[in-house]
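*Asks:* Sequence first, predicted coordinates after that:
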Amino acid sequence: MTTNIIDTIYGRLASMTPTDQKIAQTILDQPAAIVDWTISQLATTAGVSDASVSRFCRNLDLAGFHQLKVKVAQVAEDTSPAHATNNDDVQQYLASVTANKVDEVTHSLDQLSTALIDQLVAWLSTASVIQVVADGDTYPVAADATYKFNQIGLFAISAQPWETAVAQTLNLDQRAVLIAISNSGESRTMLKTVDVAQSRGVRVIGITNRDDSPLAQRADLHITTTVRQRVLRSEYYFSRVAAMTVIEALYLLLIHADPERIERIHTHEAIIADSKV
């Protein structure tokens, strides 16, 4: 499934040049407006030259400004400028956050094609072990995935220190599946873990915000997540919500594929019931 142009811009924003970031931010702020703009209007609003806008389009693998406008027009009505506002009004800011999160969930799930889902469910259902790896503040998503998969009878492992995680990878067999989660898809340790896994014949599922990232390119199957939330006032966009949503969706799809997995949840809940007040 093709990623829409707004998702592409968000996904590549962190790695763009300062000039391209200015153009990108202008488009993200006013997606509906630029459909009727000339290249000079966009350049002036962004504070760059016409030539910079043309380069920006080429950097997105577009033929030119007209193609950019066509692609933005295709999604402009569904894309409100919901990213973080500088307004100090708390309720307005919360409304912006809400819109961002809805956008992240909706667009991330929209990109899961039926063919991809079928392949993912088949791989995970038959894996001898599922290793889930993630770096830094994305690790809670890996921990959640490990819990959920084990709860429905799929043996899963994870470890936060990279040294421990890659040691686990060295014990995987060819029937195993590695799920690598990274917002940027550029983590050196993550890529090294993928290399180790694939050298052992392990199948790799990548979950990143960028379909052009090194991790996305190396993974055997790739899930592109959508990010909308700007961190404070910086140009850095980060969210665990999209990756967590994908894991939740896979969990529910695996249950749907085999309803008997619900019994495993009941068994697990019964065992841990005494630990609750």
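*Replies:* Great, that's in hand. Quick caveat: nothing in here was measured; it's all calculated off a predicted structure.
*Asks:* So Ile271 lies in a strand, does it not?
*Replies:* No - counting by DSSP: H, G, I helix; E, B strand; the rest coil, Ile271 is not part of a strand but helix.
*Asks:* could you give the mean pLDDT of the longest helix along the chain?
*Replies:* Taking DSSP state H as the criterion, the chain has its longest helix at helix 90-110. Averaged over helix 90-110, pLDDT sits at 80.
*Asks:* and the next element down the chain from it?
*Replies:* Next in sequence after helix 90-110, counting helices and strands by DSSP states H and E, comes helix 114-126.
*Asks:* would you put the C-alpha positions of that next one in CSV?
*Replies:* Extracted in CSV, the C-alpha atoms of helix 114-126 (Å, rounded to 0.1, in the frame of the first residue of the first chain):
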residue,chain,number,x,y,z
THR,A,114,-4.6,-7.8,3.6
ALA,A,115,-1.7,-9.6,2.0
LEU,A,116,0.7,-8.1,4.5
ILE,A,117,-1.6,-9.1,7.4
ASP,A,118,-1.9,-12.7,6.2
GLN,A,119,1.9,-13.0,5.9
LEU,A,120,2.5,-11.5,9.4
VAL,A,121,-0.1,-13.7,11.0
ALA,A,122,1.3,-16.8,9.3
TRP,A,123,4.9,-16.0,10.3
LEU,A,124,4.1,-15.2,13.9
SER,A,125,1.7,-18.2,14.3
THR,A,126,4.4,-20.7,13.3
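*Asks:* Okay, buried residues for it please.
*Replies:* 117, 120-121, 123-124 (16 or more other CB atoms under 10 Å). Using the backbone N, CA and C atoms, a C-beta is placed for each residue, glycine as well.
*Asks:* Any stretches of the chain with poor pLDDT?
*Replies:* Along the chain, the parts satisfying pLDDT under 70 run over 1-3, 76-88, 229-239, 277.
*Asks:* For it, which segments count as helices?
*Replies:* With helices called from DSSP H, the chain shows them at 5-12, 18-29, 31-34, 39-46, 50-59, 65-75, 90-110, 114-126, 139-151, 162-169, 188-199, 214-218, 241-257, 261-272.
*Asks:* of the ones you listed, which approaches Ile207 most closely?
*Replies:* Judged by CB to CB, the one of the helices of the chain that comes nearest to Ile207 is helix 241-257, at 5.5 Å.
*Asks:* Could you tell me the angle between that closest one and helix 114-126?
*Replies:* Helix 241-257 runs at 70 degrees relative to helix 114-126, counting by axes from the mean of the first three to the mean of the last three CA atoms, to 10 degrees.
*Asks:* so what does helix 241-257 touch, helix or strand wise?
*Replies:* Helix 241-257 is packed against helix 90-110, helix 114-126, helix 139-151, helix 261-272, with contacts defined by 3 or more CB pairs under 8 Å, 6 or more residues apart in numbering; DSSP states H and E.
*Asks:* Stretch 210-229: which residues count as buried?
*Replies:* 210-211, 213-216, 218-220, 222-229.
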